[in-house]
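In: below are the sequence and a predicted model for it; my questions follow.
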Amino acid sequence: MEESAILIKKRDGSRIGPSAFVIRKKGCVTARFSLIWRVESEKEQEMLTDLLKSKELLLELLRIDRQVAEEAQRAGCPCGGKLHRADYPRKPRGCELGELAEQYSCRYSFCCERDGCRKRVTPPSVRFLDRRVYLGAVLILACSEWLLSEHSPQGIEKRAVKRWLRFWQGAFLLAPMWCARGAVVMPPVGRQSLPASLLVRFKGSIEEMLVGMLRFIVPLQSPY
């Protein structure tokens, strides 16, 4: 893959930051930071947030969460007791779940069977970012789109996107785990262009980049 760092400018002439890339692969152009990519025919353009309509992406995130949950259940409670399912109900917003709505209606969690313990074990999730109503993928894609166009994706309030940006560019950077894991990202990501400046550091297709980032930030989540 041939990669060139090209600063993308807004209509007013201002630049959106040093982490704007145009990726050229097999004759098609992928404008990662503009969040629009053109297929080889150059007749179709899609906003990156349309990825949230992808059944394959939603299934992959579900598969990862299930695998992590199964491993946590097999490991058992720290006290030695068995773990039983005690999921948290969720009503995720920001994407079209369709037939997957039921599978996305809960976050996997377990409870110890032993009296006197009953400790909760809630595995990390690539679908849900802590207790936020919107899916983690929505928080990444909607904020990245805003950084270029200053428009919130359809169905998502402008104030919500601005609130998420304050998280990415504030509390996210102060998380203890980011202080450790962020140090391995070289060169350092542009703080004022987060989360997009982190998203573009992952390789592969747009879907693979998103899944890679969600996996990367999983340890940054606070325990339930």
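Out: Cool, the structure landed. Numbering: from 1, shown residues only.
In: tell me, what residue is most central in this structure?
Out: The residue lying closest to the centre of the chain (C-alpha atoms, centre = their mean) is residue 137, at 3.6 Å.
In: gap between that residue and residue 205?
Out: Using C-beta to C-beta, to the nearest Å, residue 137 is found at 14 Å from residue 205. In short, each C-beta sits where N, CA and C put it, glycine included.
In: tell me who's in contact with the nearest residue to residue 129 once chain neighbours are set aside.
Out: In space, not counting the residues next to it along the chain, residue 129 is nearest to residue 136; the distance is 3.8 Å by C-beta to C-beta, 6 or more residues apart in numbering. Contact analysis of residue 136 by C-beta atoms under 8 Å, 6 or more residues apart in numbering lists 125-129, 214, 217.
In: in stretch 95-110, which residues are buried?
Out: 95, 97, 104, 107-110 (16 or more other C-beta atoms under 10 Å).
In: export the residues you listed to CSV and append columns for distance to residue 199 and pLDDT.
Out: CSV is the format used below for the buried residues of stretch 95-110 (distance: C-beta to C-beta, whole Å; pLDDT from 0 to 100):
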residue, distance to residue 199, pLDDT
95, 17, 82
97, 22, 89
104, 22, 94
107, 23, 94
108, 25, 95
109, 28, 95
110, 31, 96
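In: and which of those is nearest residue 117?
Out: Looking at the buried residues of stretch 95-110 and their distance to residue 117, the nearest is residue 110, at 11.9 Å (C-beta to C-beta).
In: my guess is the closest one meets residue 71, correct?
Out: No. Under the contact definition of C-beta atoms under 8 Å, residue 110 does not touch residue 71, with a separation of 11.5 Å.
In: shared neighbours, the two?
Out: Taking C-beta under 8 Å, 6+ apart as the contact criterion, the common neighbours of residue 110 and residue 71 are residue 123.
In: quick one: residue 160 from residue 125, how far?
Out: Separation of residue 160 from residue 125 (C-beta to C-beta) stands at 20 Å.
In: higher neighbour count, the two?
Out: Here residue 160 and residue 125 are compared on neighbour count by other C-beta atoms under 10 Å; more neighbours surround residue 125, at 22 against 19.
In: okay, helices next: where are they in the protein?
Out: Under the criterion DSSP state H, the chain contains helices at 55-75, 136-149, 158-166, 172-174, 176-181, 196-199, 206-217.
In: quick check: which of these is buried the most?
Out: With neighbours taken as mean count of other C-beta atoms under 10 Å, these reach their highest mean count in helix 196-199, at a mean of 26.
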